[in-house]
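>>> The following block contains a protein sequence and its predicted model.
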Amino acid sequence: MKDMVTLGTTDITVNKNGFGALPIQRISQEDAVHLARKAYKAGIRFFDTARAYTDSEVKLGEAFEGIRSEVYIATKTAAQNAEDFWEDLHTSLRNLRTEYIDLYQFHNPAFCPKPGDGSGLYEAALEAKEKGMIRHIGLTNHRLTVAKEAIESGLYETLQFPFSYISGEQELELVELCRAKDVGFIAMKGLSGGLITNSAAAYAFEAQYDNVLPIWGVQRETELDEFLSYIDNPPRMNEELRAVIEKDRAELRGEFCRGCGYCMPCPVGIEINSCARMSLLLRRSPAAAYLSPEGQAKMKKIENCLHCNQCKAKCPYGLDTPALLARNYEDYKRVLAGEVKV
Ligand code: SF4
Ligand code: SF4
């Protein structure tokens, strides 16, 4: 039996494997179109992109030429005012070669857009819905407070939020709040930005929540193939997978960088979202690329940190980012010098 999920009060009922189209920015148009079509042919119907993901929309636009009505497309705008909202929406429609967006989401706003808040954003979304340019209104976020406000406002049909087996109690509460309010829950970062490497365990965890639609960010065909195999053979939670999860939870407990990038840009160009979790990346994924001359140059930039705390102020997880960078850099230098084995 295939796992299906309906997003809240929307008419969007799809297989419980969504396609996250952020990583296809990094591959060629041809390869991206191939991946998206392969996903579609195997039964994936929900594709999530964003205006901010450079050419991701353009790639999906080509992939869905001729089959538009058979897929659900979700995209996002990071607009702060109505004028930019309309510009983004028109660009997305053009890029995606479509006349409508199934789910249009406010992309990680610092506040929950509401009618009458002065931004004009929600009014614009409603008008776009009335005109048939978008079918449903959603919101994505990394902040618990904004997410809760959105769910409780009754204004949003979906919430997209990071949710994986290393999430905490608060994220679980959000999932349950969404269930209670009939708001669709779209789980991003089900692999926690690359820190979770057991996709079967990640899938089985998400499968326990019947109101959650995970979207998997895939870049390589082998990664896609793993998730496609779960359409017909969905992994179920068992002792073996539970043990994997317990081990990962023990290792990743406490303060760690999720790689979301919301603290960026850094005034001295530090790639915070990879550098602040380098110790974990070195140990949990192939280390060679991170130790290359290019990787070393990226880490060396940490020496230029101004300790301006801009990143710390923006981190939705409340991390002391400059201190985390310094700790990761010390560890990195020791690994590079062969003092520590990974
Ligand atoms: S504290 Fe350092 S890493 Fe953070 S934004 Fe400032 S310069 Fe960049
Ligand atoms: S330091 Fe915080 S905001 Fe920056 S990438 Fe990591 S988790 Fe995200």
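Arrived safely, thanks for sending. Numbering: from 1, shown residues only. Ligands and ions are numbered 1, 2, ... in the order given.
>>> What parts of the stretch 151-300 of the chain come near ligand 2?
With C-beta under 6 Å from any ligand atom as the criterion, the stretch 151-300 of the chain meets ligand 2 at residues 257-263, 272-273, 276. For the C-beta atoms, the positions are set from N, CA and C on the backbone; glycine is no exception.
>>> ok, which of the residues you listed also contact ligand 1?
Ile272.
>>> For the residues of the stretch 151-300 of the chain next to ligand 2, could you give me JSON lines that also reports neighbour count, pLDDT and secondary structure?
Listed next are these as JSON lines, based on neighbours: other C-beta atoms under 10 Å; pLDDT from 0 to 100; DSSP: H, G, I helix; E, B strand; the rest coil:
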{"residue": "Cys257", "neighbour count": "26", "pLDDT": "90", "secondary structure": "coil"}
{"residue": "Arg258", "neighbour count": "23", "pLDDT": "82", "secondary structure": "coil"}
{"residue": "Gly259", "neighbour count": "18", "pLDDT": "82", "secondary structure": "coil"}
{"residue": "Cys260", "neighbour count": "18", "pLDDT": "77", "secondary structure": "coil"}
{"residue": "Gly261", "neighbour count": "15", "pLDDT": "79", "secondary structure": "coil"}
{"residue": "Tyr262", "neighbour count": "16", "pLDDT": "80", "secondary structure": "coil"}
{"residue": "Cys263", "neighbour count": "21", "pLDDT": "87", "secondary structure": "coil"}
{"residue": "Ile272", "neighbour count": "28", "pLDDT": "96", "secondary structure": "helix"}
{"residue": "Asn273", "neighbour count": "18", "pLDDT": "90", "secondary structure": "helix"}
{"residue": "Ala276", "neighbour count": "28", "pLDDT": "96", "secondary structure": "coil"}
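>>> quick one: which of the residues of the stretch 151-300 of the chain next to ligand 2 is nearest ligand 1?
Ile272 (5.7 Å; C-beta to the nearest ligand atom).
>>> Poorly predicted segments of this structure, please.
Scanning the chain for pLDDT under 70 picks out 253.
>>> Give me the domain ranges for it.
4-247, 272-336 (automatic domain parsing).
>>> How far off centre is the shortest one?
The chain centre lies 21 Å from the centre of domain 272-336; the measure is C-alpha atoms, centre = their mean, to the nearest Å.
>>> what about it, start to end distance?
19 Å (C-alpha to C-alpha, to the nearest Å).
>>> re earlier: pick the one among the residues of the stretch 151-300 of the chain next to ligand 2 closest to Leu159.
Of all these, Cys260 has the smallest distance to Leu159: 15.8 Å, by C-beta to C-beta.
>>> This completes my enquiry, with thanks.
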